[in-house]
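> need a 3D model of the sequence below.
(one chain, ligands or ions: 1)
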Amino acid sequence: MRESVGLRGVGLGLGYSGRLVVDGASVSVEPASVTALVGPNGSGKSTLLRALARLHQPESGEVAFTDGTTAAGLSAKEFARKVTLLAQSRPTPNGVSVRDVVGYGRHPYRGRWRNDDPEGNAAITHAMDVTGVASMAERAVDELSGGELQRVWLATCLAQDTGVLLLDEPTTFLDLRYQVELLDLMRDLADEHGVAVGVVLHDLNQAAAVADRIALLDQGRIRATGTPVEVLQADVLSETYGIRIDVGTDPATGLLSTQPVGRHLQRPALQPS
Ligand SMILES: Nc1ncnc2c1ncn2[C@@H]1O[C@H](COP(=O)(O)OP(=O)(O)OP(=O)(O)O)[C@@H](O)[C@H]1O
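Predicted structure coming up:
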């Protein structure tokens, strides 16, 4: 098992052109654990994740590893060996093969020559296998569907072989099979490899199913943090999202289940959790 180290943002103030959009947020992505960030559009989830990935400079507060090392103290390569981010969107290179794009994930291990990275090929092959993109290894990425491309970028992150894996809405574009496989993969990485997974999810039921801990953002502040049962409370969710949200237990799976209730979507009440 890899060296398990997590990542924490403490008291983060984050803004754009002087406008603060995240205010005093503390969030912890612990080793061997899945932490989900949830909240309405514009609540600051992506900005917070990007700050943890050192892609957004905090106005205040600090990002540090759970062993005490500050993120800012590492070189770009050192940081990239520890943390990777699957961003919401990335520019798609023209005419580059899937295998080569997945190979980008090895950049922190490569020097001037490729044979600086003896474990590279095995890491690339493994990443393509677990994301189901091995069969398209020689295809050009600009010819892929949105979901296929999403899985290629995920493979690129996995090839980076980091202890901290940050994912921004990774299930976007994925069909049901690959959504479920991705959630399973996150759990496997946490449980079997000690990876600290931090993931932005819109689907609260997916968050309840996969996460050990959930942080609920509301207008740039952490409104609640804790286990899914602690955070996914009907009154808090309804107020945060501005719509009635019922919370119960799915009788088939025993998992926590949330149900937004629209004007035309009245359904039988969920069994209370
Ligand atoms: N590049 C930018 N320049 C200026 N403002 C930005 C920029 N990116 C995001 N914002 C603003 O920062 C706030 C938080 O945005 P962010 O993308 O972090 O929210 P989010 O919770 O991830 O939203 P969503 O669920 O819609 O993806 C929003 O008000 C947004 O308009």
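> quick one: T253 and A208, what's the gap?
Counting by Cβ to Cβ, to the nearest Å, the separation of T253 from A208 is 10 Å. (C-beta placed from N, C-alpha, C; glycine too.)
> which one of these two is surrounded by more residues?
Between T253 and A208, counting by other Cβ atoms under 10 Å, A208 is the more crowded of the two (25 against 10).
> hang on, isn't the more buried one packed against Q233?
No. If you go by Cβ atoms under 8 Å, A208 and Q233 don't touch, sitting 11.9 Å apart.
> quick check: nearest residue in space to D23, chain neighbours excluded?
G220 (4.8 Å; Cβ to Cβ, 6 or more residues apart in numbering).
> quick one, domains of this structure?
The record's domain parsing of the chain by automatic domain parsing lists 1-82+163-244, 85-161.
> using a markdown table, lay out the ones you listed together with distance to P260 and mean pLDDT.
Shown next, in a markdown table, are the domains of the chain (distance: least, Cβ to Cβ, whole Å; pLDDT from 0 to 100):
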| stretch | distance to P260 | mean pLDDT |
| --- | --- | --- |
| domain 1-82+163-244 | 6 | 95 |
| domain 85-161 | 22 | 91 |
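> that's a strand at M186, yeah?
No. M186 sits outside any strand when classified using DSSP: H, G, I helix; E, B strand; the rest coil, being helix.
> tell me who's in contact with it.
34, 165, 167, 197, 199, 210 (Cβ atoms under 8 Å, 6 or more residues apart in numbering).
> name the SS class of P170, please.
Under three-state DSSP, P170 comes out as coil.
> begin at 472 from here
Sounds good: first residue 472 from here, last item P641.
> my guess is it meets L656, correct?
No. When contacts are counted by Cβ under 8 Å, P641 is not listed as touching L656 (9.6 Å).
> which one of those two is surrounded by more residues?
It is P641, of P641 and L656, that has more neighbours when counted by other Cβ under 10 Å, with 25 against 19.
> among the contacts of M657, which two are most distant?
The distance between the two most remote of those (Cβ to Cβ) is 12.8 Å, for L636 and V681.
> pick out whichever of the two has more residues nearby.
L636 (27 against 23).
> can you pull the contacts of L672?
507-509, 640, 642, 678, 681-682.
> could you pull up phi and psi at E640?
Phi and psi for E640, reported as degrees, to the nearest 10, are phi 50, psi 60.
> quick one, strands of the stretch 572-721 of the chain?
Assigned by DSSP state E, counting those that start in this stretch, the stretch 572-721 of the chain shows strands spanning 635-639, 667-671, 684-689, 692-697, 716-720.
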